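Chemist: Curious how this folds, go ahead:
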Amino acid sequence: MDPAVTEMTNWAVDLIDVRKTYGKSIDALRGVNIQVGRGEIFGLLGPNGAGKTTLVKIMMTVVRPNHAAGTVLGRPLGHRRKLAKIGYLPENHRFPGYLTGVQLLDFYAALAKAPRAARRAETTQWLERVGMGAWADTRIRKYSKGMMQRLGMAQSLMNDPELVVLDEPTDGVDPVGRRDIRELLLELKRQGKTVFLNSHLLSELEMVCDRVAILIEGMVARQGTLSELTEHTLEYHIRCVDDFSSVRSKVEELGGKVEDGVIVLPGRDANKVNTMIDALRAAGITIESVEPRRFSLEDVLVEAIGGDNTAGATPTPGPIEQRRT
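Modeler: Modelled structure (predicted):
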């Protein structure tokens, strides 16, 4: 492929047929294809052992695949110049405990070949941005796990990356810290950076991700925007003040079903909803509320794994798009 053409691809990450086998029989990845658009926040999710961290490590050339094609930032996997434009926070990272926060970030800035004169300002700026300014001169051995995660976020940004790859960035972080990290990720997106996020906290992914991929047993089971992945789970819940048992047959004829005294109408067809409302009103039934509901990302994951996300699952009120704004 012409390098100039490759460089201009719309995909920040375009992984094709990624395979990894450990030993002779453990297939960690079995032909993974993932595309991440430039300037978007992309979430990778799946159960433990699905191969998420292995995939991230292959992207970062920490693990050698059995087979992998595609590009990262428009160049083949492992391209040195493009690796230098990636910020990386690995899972369960470790930093030398004898260094202070400032010293650690200065070290990583030096690795990124940042000018010495600019490094101090950069380290101070990022420590403040992740809420660690007061701990700048404290040795890392005294940091809590949540503080280590905040420091790790700052470390991943010291090279002014085009792509930020984060493996479980909110692990061990308290609710306030998770909110701060979410805000930082959205800020990075506004700056035009691409964020590749691996996390088991599905509620976090729902709030920030433009698109996600679900990895199950080393294969991509689902991939797309949150609305695309949950489109088939949209339904309307109609609550009535009066007893509607007399029109139950009409409700079922119109495609509705009764669950715990609530009329549930699957689908997103507003005309069907209006028809149902008209039928209830014609029968003299007083309607208390009409509420659109969509299942959560957790329910979609359960469905992808093979569970029944209609049994015992509680839908999340309202469209996901509204919760992300």
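Chemist: contacts, neighbours, all on C-alpha from now
Modeler: Fine.
Chemist: Could you check how many residues crowd around M158?
Modeler: M158 has 23 neighbouring residues, counting by other CA atoms under 10 Å.
Chemist: Ok, Q125 next?
Modeler: Neighbours of Q125 using other CA under 10 Å come to 14.
Chemist: and the helix or strand containing it, average pLDDT?
Modeler: According to DSSP states H and E, Q125 maps onto helix 116-129. Helix 116-129 carries an average pLDDT of 88.
Chemist: now do stretch 201-209
Modeler: In this model, stretch 201-209 has a mean pLDDT of 83.
Chemist: quick one on the thing from earlier: now do the helix holding Q125: distance to the chain's middle.
Modeler: 28 Å (CA atoms, centre = their mean, to the nearest Å).
Chemist: Give me the buried positions along the helix or strand that it is followed by.
Modeler: Going down the chain from helix 116-129, the next helix or strand is helix 145-155, by DSSP H and E. By 16 or more other CA atoms under 10 Å, the buried positions in helix 145-155 come out as G146, M147, M148, Q149, R150, L151, G152, M153, A154, Q155.
Chemist: Over to stretch 73-80?
Modeler: In stretch 73-80, counting by 16+ other CA under 10 Å, buried: L73, G74, R75, P76, L77.
Chemist: that older thread, and the helix holding Q125, what's buried?
Modeler: Residues R119, E122, T123, T124, W126, L127, R129 are the ones in helix 116-129 that count as buried (16+ other CA under 10 Å).
Chemist: okay, those residues in a markdown table with distance to F295 next?
Modeler: A markdown table is the format used below for those (distance: CA to CA, whole Å):
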| residue | distance to F295 |
| --- | --- |
| R119 | 46 |
| E122 | 42 |
| T123 | 42 |
| T124 | 42 |
| W126 | 37 |
| L127 | 38 |
| R129 | 34 |
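Chemist: I figured I238 hits G261, correct?
Modeler: No. The criterion here is CA atoms under 8 Å, and I238 misses it with G261 at 9.4 Å.
Chemist: How many residues are close by the residue nearest to R248 when sequence neighbours are not counted?
Modeler: For R248, ignoring the flanking residues on the chain, the nearest one in space by CA to CA, 6 or more residues apart in numbering is V258 at 8.0 Å. Neighbours of V258 under the rule other CA under 10 Å: 16.
Chemist: Same check on R268?
Modeler: For R268, the neighbour count with other CA under 10 Å is 16.
Chemist: Against P292, how distant is it?
Modeler: When distance is defined by CA to CA, to the nearest Å, R268 is 9 Å away from P292.
Chemist: joint contacts of the two?
Modeler: L234, E235, Y236 (CA atoms under 8 Å, 6 or more residues apart in numbering).
Chemist: Just the pLDDT at the residue nearest the centre of the chain, thanks.
Modeler: In the chain, the residue lying closest to the centroid (CA atoms, centre = their mean) is G43, at 2.6 Å. According to the prediction, G43 has pLDDT 93.
Chemist: Could you number the chain from 647 rather than 1 from now on?
Modeler: Renumbered: residue one is now 647, and that last one reads G689.
Chemist: What distance do you get for it to L751?
Modeler: 26 Å.
Chemist: Show me the shaky parts of the stretch 647-796 of the chain.
Modeler: 647-655 (pLDDT under 70).
Chemist: show me where it has helices.
Modeler: Per DSSP state H, counting those that start in this stretch, the stretch 647-796 of the chain carries helices over the ranges 649-653, 698-705, 726-729, 747-757, 762-775, 791-801.
Chemist: go on, the stretch 847-971 of the chain?
Modeler: Going by DSSP H, counting those that start in this stretch, the stretch 847-971 of the chain shows helices at 848-854, 872-876, 894-899, 916-928, 943-951, 966-970.
Chemist: Run through the bridge partners of the residue nearest to R894.
Modeler: Using DSSP bridges, the bridge partners assigned to V904 are I909.
Chemist: quick one: A756 and R762 touch, right?
Modeler: Yes. Using CA under 8 Å, A756 is in contact with R762, at 7.4 Å.
Chemist: Give the full set of residues in contact with the residue nearest to the centre of the chain.
Modeler: With the criterion set at CA under 8 Å, 6+ apart, G689 makes contact with F842, L843, N844, S845, L851, C855, D856, R857, V858, A859.
Chemist: Could you work out the most separated pair of these?
Modeler: For the contacts of G689, the farthest-apart pair by CA to CA is S845 and D856; their separation is 14.4 Å.
Chemist: State which helix of the protein is the longest.
Modeler: helix 821-836 (DSSP state H).
Chemist: so how far is that one off the chain centroid?
Modeler: With CA atoms, centre = their mean, you get 12 Å for helix 821-836.
Chemist: elements contacting that helix?
Modeler: helix 791-801, strand 840-844, helix 848-854 (3 or more CA pairs under 8 Å, 6 or more residues apart in numbering; DSSP states H and E).
Chemist: Quick check: what element follows the first one along the chain?
Modeler: Pointing back at helix 791-801 there. Past helix 791-801, the next helix or strand by DSSP H and E is strand 809-813.
Chemist: Show the contacting residues for P722.
Modeler: A715, G716.
Chemist: Other residues contacting stretch 904-919?
Modeler: 878-886, 894, 897, 900-903.
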